[in-house]
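Asker: okay, here's the prediction I keep looking at, along with the sequence it came from:
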Amino acid sequence: MLKSIVFTGGGSAGHVTPNLALIAKLKERGWRVDYIGSTDGIEKSIIEGAGIRYHPISSGKLRRYFDPKNFKDPFKVMKGVVDAYRIIRKLKPNAVFSKGGFVSVPVVVAGWMNRVPVIIHESDMTPGLANKLSLPFASRICVTFPETMRHLSRGKAECTGLPIREEMLRGSAVKGRHLCEFHTQKPVLFIMGGSLGSKAINDAVRGGLDRLLQRFQIVHICGKGHIASELAGVRGYRQFEFVTAELPDLLAMADVVVSRSGSTSIFEFLSLRKPMLLVPLTKNASRGDQILNAESFRSQGFGEVLEEERMTPDSLTEELLRLYEHRDTYIARMQSHSNQDSIARIIGLIEQSAR
């Protein structure tokens with residue numbers, strides 16, 4: 001009998017791409033896959049681009065701060081529950097899998113209302129607001145960091161790690177260098193400021209570009225609308241607003257990485273054994289989860305952390321030169337890390353719940 005599953009998650013690429021890793025394997029096993037997301041979130045273009053059936057619902061953002069929209073968004077969430085309830089009732093899936101983000105809450109509640117087993121995954125060290133609201137409706141909870149277990153019910157939670165897309169591990173350094181017109185005589189620095197880019201990282205990189213280019217060739221994912229046209233012809237410096245299919249090849253050629261510390265990205269760097277300099281979002285711009293993620297990786301010896309408050313062109317350059325000088329030490333620590341098969345473990349839980 002054909003088994004069916006509904007996935008949800010959105011608001012950022014980090015809430016979507018781990019789902020793709022699971023979807024690929026479930027499709028190989030003959031599962032029917034549908035995805036419920038928001039009408040205009042980043043998840044819509046990613047999922048439809050992957051050829052997966054997509055069902056949009058009404059959604060409202062969940063905020064921890066005062067905003068006039070807080071008065072009307074609860075009604076959007078309630079409408080989203082109704083939308084998702086009808087879709088799930090029609091699809092009759094064997095399970096619902098949620099990766100978090102504000103759009104996931106109505107889907108999780110609707111799955112529970114339809115008596116469908118719900119599995120949720122938390123990427124960060126502490127649960128986000130959406131997953132906190134979803135916890136009572138979940139049959140099983142998957143977490144990425146062992147430290148997260150102390151925040152959750154032992155009966156429901158299991159540390160599975162983060163599912164990494166197989167294509168991320170199959171990048172070609174040769175293709176990456178060809179795309180950027182780089183050579184092999186100088187190491188490559190890969191810079192990424194999250195799915196929307198980071199003005200702070202962009203400014204620090206470009207402020208220290210002359211000095212950085214003396215040591216590195218640089219590929220810079222700077223975010224939509226953040227290309228510096230005046231630097232377009234600089235030799236050894238290649239800018240992209242964002243990348244999708246090219247990302248595995250660009251990472252394959254990279255020797256060191258500068259990035260925000262969203263869990264999806266840093267676990268991909270860990271799997272690829274890329275020494276990383278992490279610049280977490282500040283508490284003013286987030287709930288502090290990236291700070292905890294970055295500190296965990298620093299304590300395990302996988303990279304270093306540069307707080308945004310003390311990041312300047314000079315401090316960024318100095319930290320990167322130091323990171324590159326000791327890169328073999330970081331790589332050795334990453335190689336000793338247990339790279340558990342997260343995809344197999346999570347799919348095992350899905351199949352167990354679906355039975």
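Answerer: That came in fine, so what should we check first?

Asker: residues in contact with the stretch of helix or strand residue 141 belongs to?
Answerer: Element membership for residue 141, per DSSP states H and E: strand 140-143. With CB atoms under 8 Å, 6 or more residues apart in numbering as the test, strand 140-143 has contacts from 117, 119-122, 135, 149, 152-153, 156-160, 345-346, 349, 353. (Each C-beta comes from the backbone N, C-alpha and C, glycine too.)

Asker: same check, this time on stretch 21-35
Answerer: For stretch 21-35, the external contacting residues (CB under 8 Å, 6+ apart) are 2-8, 19, 43, 47, 50, 52-55, 87, 91, 93, 97, 163-166, 343, 346-347, 350.

Asker: just the buried residues of those.
Answerer: By neighbour count, with 16 or more other CB atoms under 10 Å, the contacts of stretch 21-35 hold 3-8, 19, 43, 47, 52, 54-55, 87, 91, 93, 97, 163-165, 343, 346-347, 350 as buried.

Asker: so which of those residues are in helices?
Answerer: Judged by DSSP state H, the buried ones among the contacts of stretch 21-35 include 19, 43, 47, 87, 91, 343, 346, 347, 350 as members of helices.

Asker: next, give me the two most distant ones among those residues.
Answerer: The largest separation in those, counting by CB to CB, is between 87 and 343 at 25.7 Å.

Asker: who is the residue lying closest to residue 240 once chain neighbours are set aside paired with across the strands?
Answerer: Nearest residue to residue 240 in three dimensions, chain neighbours excluded: residue 221, at 5.2 Å (CB to CB, 6 or more residues apart in numbering). In this entry, residue 221 is beta-bridged to residue 192, residue 240, by DSSP bridges.

Asker: and residue 221, how far is that from residue 21?
Answerer: Using CB to CB, to the nearest Å, we find residue 221 at a distance of 20 Å from residue 21.

Asker: and for residue 233?
Answerer: 38 Å.

Asker: check residue 103 too.
Answerer: 19 Å.

Asker: how about the strands in this structure?
Answerer: Ranges of strands within the chain are 4-8, 32-38, 53-57, 95-98, 118-122, 140-143, 157-159, 188-192, 217-221, 237-240, 256-259, 276-278, 303-305, based on DSSP state E.

Asker: parallel or antiparallel, list what pairs with the longest one.
Answerer: It refers to strand 32-38. Strand 32-38 pairs in its sheet with strand 4-8 (parallel), strand 53-57 (parallel), by DSSP bridges.

Asker: relative to residue 328, which of the ones you listed is closest?
Answerer: The closest of those to residue 328 is strand 4-8. By CB to CB, the value is 39.3 Å.

Asker: just the CA trace of that closest one, in PDB.
Answerer: Presented in PDB, the C-alpha positions along strand 4-8 are these (Å, rounded to 0.1, in the frame of the first residue of the first chain):
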ATOM      1  CA  SER A   4       1.900   9.300   2.000                       C
ATOM      2  CA  ILE A   5       3.500  12.100   4.000                       C
ATOM      3  CA  VAL A   6       3.000  15.800   4.300                       C
ATOM      4  CA  PHE A   7       6.100  18.000   4.900                       C
ATOM      5  CA  THR A   8       6.000  21.600   6.200                       C
END
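
Asker: make TSV out of the strands paired with strand 32-38 and add mean pLDDT.
Answerer: Formatted as TSV, these follow (pLDDT from 0 to 100):
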stretch	mean pLDDT
strand 4-8	98
strand 53-57	97
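
Asker: could I get the ones you listed as CSV with distance to residue 262?
Answerer: Shown next, in CSV, are those (distance: least, CB to CB, whole Å):
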stretch, distance to residue 262
strand 4-8, 19
strand 53-57, 23
